[in-house]
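Trainee: Requesting a structural model of the entry that follows:
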Amino acid sequence: MKERERFIVTALVLLLLAFWLGFLFHRSPRFPGSAIGGVLGVSGAVLMLIPLAYLIVKRIKILNRWVTRFVSMRTLLTWHIYAGVLGPILVIFHSSHKFDSALGIALTVMTLIVVLSGFVGRYLLTRLSDTIREKKETLTQLGISYRQVAAELVGDPGHAAMLRSFTGLFTRWIANKLILRNQLGQESPPPMRALALVDAMAEIEYAVKMHQWFKSAFQWWLRFHITIAFVLYLLLALHVWAGIYFGLRWFT
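Mentor: Numbering: from 1, shown residues only. Alright, predicted model coming up:
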C-alpha cells in the first residue's frame, strides 16, 4: 500500500508541476471569475483546509481522542496527503495561469513550496525510517553470528591468541586481506570471521547513528513545513477576501 500511495502521490505532484508550467503556453484572464472557475477555486480551497484539520486533530489531545474513535490517524494522514495535492491542482486550474497580481503570485509560489516540502519530507522520512529498521535487523543478525563465533573462540585458546595478534591497524589490514582470500576458497577461521563481523557491526552502527541524526534533523523540516503552511493559509484568506470584496461589491 505504501508503494502504491507513493506512486499515486508522485504522479499527482508531477501533474501539479506540469499544470503550473502551463503558464508558459496558456493564459485565460476571464476563466477564474467564471462559474466553473469559481467552483474549482472553492473546491480547491476546501481541500486545502483538510491538511489544517489534520494538524489540529494531531496536536489537540481531547480532539484527537474524540476523532480517533471514528477514524484512525493513519486515515487522516492519507486524507492530509491526497487533499494537500489535489487542492493545489484545482487551484492551479482555477487560476488558469492568470498570475498578474502580487497576491496571486505569492499564493501560487507558497502553494508549490508547501506541496513540494511536504512531499519530499514525507517520503524521505519514510525512507530513512525503513533504512534504519533494515539496518537494525541486519545488526541483530550479525550480533547472533558474532556470539556464535565468540563461543568458538572461547573454546579454543589458540584462536583467541591469534585474534589478539590482529588488534593493530596494520595487522587488521592484513587480516582483512586474508579474509578476502579465504572467502574465495574454504571458510575463514573463527578469528578472521570475528574480525569481519566486528568491522561490519561497527559500520552498520555508524550508519544507523547517521540515519537517526538525519531523522532528528527532519524535526526542523516539520517546523518549516508547518510555518509556511500557515503563511499559505493567510494568503489564501486574503485571496478569498479580495475575491469577495472586489467581486460581490458589484452586486450592490
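
Trainee: I figured residue 54 was touching residue 76, is that so?
Mentor: Yes - counting by CB atoms under 8 Å, residue 54 touches residue 76, with 5.1 Å between them. For glycine as for every other residue, the C-beta is placed from the backbone atoms N, C-alpha and C.

Trainee: hey, where'd the helices end up in this structure?
Mentor: Secondary structure of the chain by DSSP state H: the helices cover 2-20, 35-59, 61-67, 73-95, 102-154, 157-164, 169-183, 190-248.

Trainee: tilt between the second one and helix 102-154?
Mentor: Looking back up the chat, that one is helix 35-59. Inter-element angle recorded for helix 35-59 and helix 102-154: 40 degrees (by axes from the mean of the first three to the mean of the last three CA atoms, to 10 degrees).

Trainee: Now do the buried residues in helix 35-59.
Mentor: Of the residues in helix 35-59, those with enough neighbours to count as buried (16 or more other CB atoms under 10 Å) are 37, 40-41, 43-45, 47-48, 50-52, 54, 57.

Trainee: Tell me the helices and strands packed up against it.
Mentor: Taking 3 or more CB pairs under 8 Å, 6 or more residues apart in numbering; DSSP states H and E as the contact definition, the neighbouring helices and strands of helix 35-59 are helix 61-67, helix 73-95, helix 190-248.

Trainee: ok, and the helix or strand in the chain with the lowest average confidence?
Mentor: helix 169-183 (a mean of 52; mean pLDDT, DSSP states H and E).

Trainee: what's the burial count for residue 76?
Mentor: Burial of residue 76 is recorded as 19 neighbouring residues (other CB atoms under 10 Å).

Trainee: how near is it to residue 126?
Mentor: When CB to CB, to the nearest Å is the yardstick, residue 76 and residue 126 sit 17 Å from each other.

Trainee: Over to residue 136?
Mentor: Using CB to CB, one gets 16 Å for the distance from residue 136 to residue 126.

Trainee: just residue 63 next, same as before
Mentor: Plainly put, residue 63 is 26 Å away from residue 126 if you go by CB to CB.

Trainee: Okay, now the unreliable bits of the stretch 1-150 of the chain?
Mentor: Low-confidence segments of the stretch 1-150 of the chain, defined by pLDDT under 70, span residues 1-2, 23-24, 26, 29, 33, 97, 99-100.
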